[in-house]
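# What would the 3D arrangement of this be:
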Amino acid sequence: MASNKVLFQLYRTIQQQQHRTAAVASTRNLFRNSVHHRQFATSVGALTTDEKNKALDSLSKNGPIAWESVDGRDAIKKTYEFTDFAQAWTFMSKSAQLAEEMDHHPEWFNVYNRVEVTLTTHDCSGVSEKDIRMAEKMDEYAHEVLPMRR
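Next comes the predicted model:
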């Protein structure tokens, strides 16, 4: 039979886990109601072909390597090349923070200094304003990490 000390420790562990779970939920709710979160929260609708083409034209001004449409699906893609893995990782870390803030996550693939990014919004089965905003910020982050090569 379990001693009172063991039962108390078990009770205390369960209580701590419940407290952590409640704290995480509370933090998420605070964030979802924050001004910062509302900045990225918009109704999600797929861009029309014209809207997407205009957005891609605008994005192409952000450097020599432009975002482009993905063949066979409503998505956009770009490959970034950095000097080394550390720069690629820094870029991905900054982009990951943005993805969490926006609750919008890229498809990406990384090998050494290359990061291949594909953006699409699954909620609307196409490219949305969220993807364009994320692409703009990713270009900004790439420029911060490697100002000479965009």
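# in stretch 109-124, what's buried?
Across stretch 109-124, burial judged by 16 or more other C-beta atoms under 10 Å covers 110, 113, 115, 117, 119, 120, 121, 124. For glycine as for every other residue, the C-beta is placed from the backbone atoms N, C-alpha and C.
# so what's the fifth one bridging to?
Read that as residue 119. Per DSSP bridges, the residues bridged to residue 119 are residue 76.
# For it, report the pLDDT, please.
pLDDT recorded at residue 119 is 91.
# Surely it is in contact with residue 74?
No. Residue 119 is not in contact with residue 74 according to C-beta atoms under 8 Å; the separation is 10.5 Å.
# Mutual contacts of these two, please.
residue 127 (C-beta atoms under 8 Å, 6 or more residues apart in numbering).
# Strands along this structure, start to end?
Counting by DSSP state E, the chain has these strands, from start to end: 68-69, 76-81, 107-111, 114-119.
# so which of those strands comes closest to residue 8?
Closest to residue 8 of those is strand 107-111 (C-beta to C-beta; 47.3 Å).
# Excluding sequence neighbours, find me the nearest residue to residue 68.
Nearest residue to residue 68 in three dimensions, chain neighbours excluded: residue 77, at 6.1 Å (C-beta to C-beta, 6 or more residues apart in numbering).
# surely that neighbour meets residue 117?
Yes. When contacts are counted by C-beta under 8 Å, residue 77 is listed as touching residue 117 (6.5 Å).
# which residues touch the most centrally placed residue in the chain?
Most central in the chain under C-alpha atoms, centre = their mean is residue 99, positioned 1.9 Å from the mean C-alpha point. Taking C-beta under 8 Å, 6+ apart, we find residue 99 in contact with 105, 106, 134.
# Which of these has the largest number of neighbours?
residue 134 (23 neighbours; other C-beta atoms under 10 Å).
# Count the residues that sit near residue 139.
20.
# how far away is it from residue 118?
Taking C-beta to C-beta, to the nearest Å as the measure, residue 139 falls 15 Å from residue 118.
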